[in-house]
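S.K.: with the sequence up front, the predicted model follows.
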Amino acid sequence: VSGDRPVGLTALHKEVLRIALFAAAVTLFLTGSSSGVALNFVMMALYAALLAQAWNILGGYGGQFSFGHALFFGTGAYVQAIAQMQAGLNPWLALPLSALASAAIGLVVGTLSFRYGLKGSYFALVTLAFAEVFRIVALSVPFTGAGVGLMLPLRESFSNMQFDSRRGYALLILALVVLALSVTCWLKHSRFGAYLQAVRDNEDAARASGVNPFRIKLGAIALSGSFMGAGGAFYIQVFQYLDPGIAYGSHTSVEALVGAIVGGMGTLWGPVVGALALHLLADLTRNLFGQLPGISMVIYGCVLVLMIMFAPRGLSGAGHSVRALWRGKSK
Amino acid sequence: MLDIGILFPSLLNGLTTGAVYALIALGLTLIYGVLHIINFAHGASLMLALYAVYFLKDQFGLDPYLALPLVVPAMFGLGYGLQRFVINPASHGRDENILLVTLGLSIIMENLALLFFKSDTRSIDTAYTLTTIPINIGIAQAMISLPKLVAFAGALVTSTVLILIVGRTDLGRAIRAVAKEKHGAKLMGIDVDHVYAMSFGIGLACLGAAACFLLPAYYVNPQVGGGFVLVAFTIVVLGGMGSFTGALLGGLLIGVVESLGGLFMGESLGQIGIFLIFIAVLLLRPQGMFGVKP
């Protein structure tokens, strides 16, 4: 297919097909595998991919680097836990509610920061500060269980979103990742996504062409926040314990950001590739050095610095360069 | 409620803490003013300096104040090396990259500390740790611990030295030239990369001094930098990015806010006051008290 009108499948069709193949392949693996280690690995990698994709929507496609995405993660997790424990809501209904709550927080933070034109390092700092404010508030108010934390009661059944093995959780997070991939795919090809990338590349030029950067960025932060919130809701369902440090601590913010950057910001598959690569690496070091505190974060930090130094476009960007080089050679 | 007898000790306490905050913020604001980057690894670097002071005392019995001539040059060297060999090559001329690289560095430092020194909180014991000095101003009096008073004086002296270096020396002139117009400075024969690395080194050297003044009345653990990093950013933003006067006054102000906030609202909620100031300043007046509009 040359540069003329695409014959047969368009780029969009191909991407949808790839997402469907990915979903089918992982489902097949999950239903076939009985190894607890493998199921756990796939679940954790998919979970990291969801966080990275959430960050990617705002950071990669929108160019707004958040250092405090834990803000949305923690809010989603708390809403999921409190809705069940205090209001007796079914977790399947609580999950969309968590995503909505995080999107709402995104709208508030976005309205404040984008209204006053914060960008670059200022935006990164303000998101970090908001996450910190929420952490301190969560430590001080009664309904979050303060420093003691919240323990989700164990009630194993499908309707309670508590499964008897990692397989159920892995399928659940797969569904969320596929949803995030589909939304990102839509984002790439939609008018809204085109506006968002235009704002990222040159805000003034976008404004001059009649795009309202404020509303576009607001849409991106709400979308990004909702997936991060869903990630938080998933977390509490799996691990059933939450405290302010887990919810709003910087660890989750870092994991989301590093996954997206390592894989490649502003690409559809980058966050999935990045999350998988990081988890392989973390598992490898665990096998080599044993369970040492902090070692996986050291690896994350080193990978982040090295990637920015040598491959600022991420693994998928590096892949493209290699492929372009190969094609150039074979001509 | 507003009894001067309660307010005065709290105010004094806030001012002494604030002076150390100011010293930390001065390093950060110098780096920002010259390189126009936010050093996210500032808190983690302070943590490393605190460990250095701790181990010098713990292993060799060296008094924290006597460790100054060792820790300050060491931190300067670390800063120079980091900027020259890591941050600068990784930046590819883009500010976002620098932000991410310094974030990566802070993650590495904090978790290496966790790996090697474990998460225990450590503090040192000196002959003067518990010494207090009474201060009487007629209408009120307070007891203030000696290390805090030394930290206050030390932070002010170091800040003065820093301001003199930047204001009066050839190096300072080069730093200011690069901060204003790096291409012009380059044409005048200034080695811009060297000046960048010097500024980063001096910024971290401030942390070395802060660590020596801080530790006798404080503690160290791998996460200790996190608490300082947002406070330092708040001060820098409040004072105006790149402004020394702003950092000094901002530091003292934030120290007092934290102390009074803790007095009225309890320890953990007192910190919220700082972050709310931070968010408000970022939103309403991002150029700060003494800064130029970005």
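M.R.: Structure's in. What do you need?

S.K.: tell me where the chain has helices.
M.R.: Defaulting to chain A. Per DSSP state H, chain A carries helices over the ranges A:11-32, A:36-59, A:70-85, A:91-115, A:120-140, A:166-189, A:191-201, A:203-208, A:213-239, A:244-248, A:250-263, A:270-289, A:295-310, A:314-330.

S.K.: correction: the question concerned chain B.
M.R.: B:4-35, B:42-60, B:68-81, B:88-91, B:95-117, B:146-168, B:170-180, B:182-187, B:192-214, B:224-239, B:244-265, B:267-284.

S.K.: and the fourth one, average pLDDT?
M.R.: Think helix B:88-91. Averaged across helix B:88-91, pLDDT comes to 85.

S.K.: who touches that helix?
M.R.: Contact with helix B:88-91 is made by A:305, A:308-309, B:37, B:97-98, B:101, B:193, B:196-197, as judged by C-beta atoms under 8 Å, 6 or more residues apart in numbering or on different chains. Every residue, glycine included, has its C-beta placed from N, CA and C.

S.K.: reformat the helices of chain B as a markdown table; add mean neighbour count and distance to A:Ser98.
M.R.: Supplementary listing: these in a markdown table, determined by neighbours: other C-beta atoms under 10 Å in any protein chain shown; distance: least, C-beta to C-beta, whole Å:
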| stretch | mean neighbour count | distance to A:Ser98 |
| --- | --- | --- |
| helix B:4-35 | 23 | 36 |
| helix B:42-60 | 22 | 31 |
| helix B:68-81 | 19 | 43 |
| helix B:88-91 | 19 | 37 |
| helix B:95-117 | 22 | 27 |
| helix B:146-168 | 18 | 45 |
| helix B:170-180 | 17 | 46 |
| helix B:182-187 | 14 | 47 |
| helix B:192-214 | 25 | 40 |
| helix B:224-239 | 25 | 26 |
| helix B:244-265 | 21 | 30 |
| helix B:267-284 | 18 | 24 |
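
S.K.: of the ones you listed, which shows the lowest average pLDDT?
M.R.: Across the helices of chain B, the lowest-scoring stretch is helix B:267-284, with a mean of 77.

S.K.: quick revisit: of all the helices of chain B, which one is nearest A:Gly149?
M.R.: A:Gly149 lies closest to helix B:267-284 among the helices of chain B, at 15.3 Å (C-beta to C-beta).

S.K.: do the closest one and chain A meet?
M.R.: Yes. On the criterion C-beta under 8 Å from any C-beta of the partner chain, helix B:267-284 is in touch with chain A at B:268-269, B:271-272, B:275-276, B:278-279, B:282-284.

S.K.: identify the residues contacting residue 176.
M.R.: As the question left the chain open, I've gone with chain A. A:Leu176 sits next to A:46, A:50, A:227, A:230-231, A:234 when contact means C-beta under 8 Å, 6+ apart.

S.K.: hm, I was asking about chain B
M.R.: Counted by C-beta under 8 Å, 6+ apart, B:Arg176 has contacts B:Val166.

S.K.: just to revisit the earlier point, need the helices of chain A in a markdown table (columns: distance to B:Ala211 and mean pLDDT).
M.R.: Below are these laid out as a markdown table (distance: least, C-beta to C-beta, whole Å; pLDDT from 0 to 100):
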| stretch | distance to B:Ala211 | mean pLDDT |
| --- | --- | --- |
| helix A:11-32 | 49 | 91 |
| helix A:36-59 | 33 | 94 |
| helix A:70-85 | 28 | 95 |
| helix A:91-115 | 33 | 95 |
| helix A:120-140 | 23 | 88 |
| helix A:166-189 | 43 | 94 |
| helix A:191-201 | 40 | 93 |
| helix A:203-208 | 41 | 91 |
| helix A:213-239 | 36 | 96 |
| helix A:244-248 | 25 | 91 |
| helix A:250-263 | 22 | 90 |
| helix A:270-289 | 29 | 88 |
| helix A:295-310 | 22 | 86 |
| helix A:314-330 | 36 | 74 |
